[in-house]
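# Return atomic coordinates for the entry below.
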Amino acid sequence: MSNTFFEKPILNSPYEEPKLHHALDDEGQPTDLPPQDGRRTSALISPVPKPKKKKSRVAENQQDLALHSQDGISTEEQEYNPTPLINDVRKQVKQWRELSNPQNWSVTPTTARLLQHWRQHDFQDIRPFFC
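As a prediction, the model looks like this:
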């Protein structure tokens, strides 16, 4: 594996929209690919280091715990997955941010003045994070 992930783990400024991301495999491990363009889509993975010891045969065959599986409240088919919603909200917010005319923002005049201030203000000290 290439060391690009470990040489430069932070690719973006906390004050701007993410422009690059490290490619991860299905298990959340960094790949040897160079940084990818754009923001990584939201997914239910945890990029954690692989364990030093291999799992036992029993652990490899173990399934995830489904809470309340006996009473039918939670099943594999009903598993809560917020990632499609998160990715959709990110897409809509990005489209909204690209609107340059305050009349298209669908906000009150007071909110429009505040948003214009935040978009145009030249921060000298503490800057707000991108969010």
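# Not counting sequence-adjacent ones, nearest residue to Leu33?
Using CB to CB, 6 or more residues apart in numbering and skipping the chain neighbours, the partner closest in space to Leu33 is Ala23 (4.3 Å). The way it works is simple: take the backbone N, C-alpha and C, and place the C-beta from them, glycine included.
# Okay, the one you found and Pro34: tell me how far apart.
Distance of Ala23 to Pro34, computed by CB to CB, to the nearest Å: 8 Å.
# same thing with Thr110?
From Thr110 to Pro34 the distance is 45 Å (CB to CB).
# rewinding a little: looking at Ala23 and Pro34, which is more packed in?
Shown here are Ala23 and Pro34; by other CB atoms under 10 Å, Ala23 has more neighbours (14 against 10).
# Go ahead and confirm the more buried one touches Gln29.
No - counting by CB atoms under 8 Å, Ala23 does not reach Gln29; the two are 10.0 Å apart.
# Could you list the alpha-carbon positions for the top helix by length along the chain in CSV?
Longest helix of the chain, by residue count under DSSP state H: helix 83-97. C-alpha atoms of helix 83-97 as CSV (Å, rounded to 0.1, in the frame of the first residue of the first chain):
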residue,chain,number,x,y,z
THR,A,83,-26.7,8.0,4.4
PRO,A,84,-29.1,8.5,1.5
LEU,A,85,-30.7,11.4,3.4
ILE,A,86,-27.4,12.9,4.3
ASN,A,87,-26.1,12.8,0.7
ASP,A,88,-29.4,14.3,-0.5
VAL,A,89,-29.2,17.2,2.0
ARG,A,90,-25.5,17.8,1.1
LYS,A,91,-26.5,18.0,-2.6
GLN,A,92,-29.4,20.4,-2.0
VAL,A,93,-27.3,22.7,0.3
LYS,A,94,-24.6,22.8,-2.3
GLN,A,95,-27.1,23.8,-5.0
TRP,A,96,-28.5,26.5,-2.6
ARG,A,97,-25.1,27.9,-1.9
